[in-house]
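[1] Sequence plus predicted model, see below.
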Amino acid sequence: VVEAIRATGRRKIIISGLWTEVCIVLPVLSALGQGYEVYVVADASGGISPEAHEHAIQRMTGAGAVPVTWIQVLLELQRDWARTETYLPVMDIVKEHGGAYGLGVVYAQSVIGAHAAG
């Protein structure tokens, strides 16, 4: 995995894993130590307890990682609602899994029209 990341030439990494304190902390600290900008998708993993998860997030944040959520990552990758090739699939994901934001999109689409965005 390390070689594959290096081969991209990119300096930003988005990471999540099964257990925050087991699968994520060490790779994140290592990547930060190598000069990468690291974003940890905090709500796409969990710890053996809520406390373990939170302490792991605090450890990585203290070392320079940036905590984000899955919906932040999705919407930042979408970047622009004018990107029509991905707009509808992204909105489908948001409506199904985006909680209150997804409900807002459903409402906006029903009131404003089929292509109302967030």
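    Looks like it arrived, so ask away.

[2] quick check: domain ranges of the protein?
    The record assigns the chain these domain ranges, following automatic domain parsing: 2-68, 71-111.

[3] weakest of those domains by average pLDDT?
    Per-segment mean pLDDT for the domains of the chain reaches its minimum on domain 71-111, at a mean of 89.

[4] follow-up on the earlier one: output the domains of the chain as TSV; include the columns mean neighbour count.
    Where C-beta positions appear, they are placed from N, C-alpha and C, glycine not excepted. Supplementary listing: these in TSV, determined by neighbours: other C-beta atoms under 10 Å:
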stretch	mean neighbour count
domain 2-68	15
domain 71-111	13
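
[5] Next up, identify which helix or strand residue 108 is on.
    Residue 108 is part of helix 99-111 when elements are defined by DSSP states H and E.

[6] Which elements pack onto that helix?
    When contacts are defined as 3 or more C-beta pairs under 8 Å, 6 or more residues apart in numbering; DSSP states H and E, helix 99-111 sits against helix 84-97.

[7] Now do the helix it packs on: which elements does it pack against?
    In terms of contacts (3+ C-beta pairs under 8 Å, 6+ apart), helix 84-97 is packed against helix 70-78, helix 99-111.

[8] Mind putting those helices into JSON lines with distance to residue 10?
    As requested, the helices and strands packed on helix 84-97 are arranged in JSON lines below (distance: least, C-beta to C-beta, whole Å):
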{"stretch": "helix 70-78", "distance to residue 10": "14"}
{"stretch": "helix 99-111", "distance to residue 10": "28"}
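
[9] how about the residue lying closest to residue 12 once chain neighbours are set aside, what does it touch?
    Counting by C-beta to C-beta, 6 or more residues apart in numbering, the nearest residue to residue 12 once its immediate chain neighbours are dropped is residue 37, at 4.6 Å. By C-beta atoms under 8 Å, 6 or more residues apart in numbering, residue 37 lies in contact with 11-13, 66.

[10] Does residue 106 touch residue 95 like I think?
    Yes: under the criterion of C-beta atoms under 8 Å, residue 106 lies in contact with residue 95, with a separation of 5.5 Å.

[11] Relative to the helix or strand hosting residue 39, what are the paired strands and their orientations?
    According to DSSP H and E, residue 39 maps onto strand 37-41. The sheet places strand 37-41 alongside strand 12-15 (parallel), strand 66-68 (parallel), with pairing taken from DSSP bridges.

[12] With that, I have no additional questions.
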